[in-house]
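1. Fold the stuff below for me.
(one chain, ligands or ions: 1)
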Amino acid sequence: MSASNHTVDSGSSSRSRSEHPPSRCYCNQVAPLRTVRFNGGRNAGRAFYGCSGWPDSCGFLRWVDEVDELRDMEDKLMEAATENAELRLQIDQLERRVRELLNASKNKQEQIEELAIESDVMRERMYSAYADRKLLVFCVISWVMFFFSFYVEELAL
Ligand SMILES: [Zn+2]
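-> Residues are numbered from 1 along each chain as shown. Just a heads-up that it's a prediction; the model follows:
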């Protein structure tokens, strides 16, 4: 294709979707965005990054759709990496939570054991109080019977 088949503009017609740094050509100049204006051609209307010295250029040409495709893939890779890092973070948090819960359940287990010991002590105390009371009742009854037997003997006399 000769230069006369192409008219170029500074590229306001189509803009890159992504916010990446602009492409640089082989002369290390920012490659402006341009559109093929050659009507009827296979690439008519197709946007590209070309050398700023075009047509006397270093020959640098990148089709925007191809660049976008590449950048989309880069974006997706970055997203996947970010997602991966986030998942890693979530897993770390979950592991920490599990450890906390395990510790908490260990503490609960210890508390339960303490309560069991305490309840044993209480039961023993209750039994001894019950025994004391039985003794007291026994004393009272025997005292009443003793008194009553005297009373009966006195009545009999
Ligand atoms: Zn160049």
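
2. Name the secondary structure element that contains the most centrally placed residue in the chain.
-> Centroid-nearest residue in the chain, with Cα atoms, centre = their mean: Q90, separated by 3.1 Å. Q90 is part of helix 64-156 when elements are defined by DSSP states H and E.

3. again, but for R62
-> Here R62, judged by DSSP H and E, is contained in strand 61-63.

4. Looking at that strand now, give me its mean pLDDT.
-> Confidence over strand 61-63 (mean pLDDT, whole number) is 87.

5. Does at least one residue of it sit close to the ion?
-> No: Strand 61-63 lies apart from the ion when judged by Cβ under 5 Å from the ion; the minimum separation is 9.9 Å. Every residue, glycine included, has its C-beta placed from N, CA and C.

6. So which other helices or strands are in contact with that strand?
-> Applying 3 or more Cβ pairs under 8 Å, 6 or more residues apart in numbering; DSSP states H and E, one finds that strand 61-63 contacts strand 47-50.

7. For the strand it packs on, list the C-alpha coordinates in CSV.
-> Extracted as CSV, the C-alpha positions of strand 47-50 are listed here (Å, rounded to 0.1, in the frame of the first residue of the first chain):
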residue,chain,number,x,y,z
ALA,A,47,-7.5,2.3,14.3
PHE,A,48,-3.8,1.9,15.0
TYR,A,49,-0.9,3.3,16.8
GLY,A,50,1.8,4.4,14.3
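
8. what lines up beside it in the sheet?
-> strand 33-35 (antiparallel), strand 61-63 (antiparallel) (DSSP bridges).

9. Next, see if that strand gets close to the ion.
-> No: Strand 47-50 does not reach the ion (Cβ under 5 Å from the ion); its nearest approach is 8.1 Å.

10. still on that earlier bit, so what secondary structure elements neighbour the helix holding Q90?
-> Packing partners of helix 64-156 (3+ Cβ pairs under 8 Å, 6+ apart): strand 47-50.

11. Nice, that's everything, thank you.
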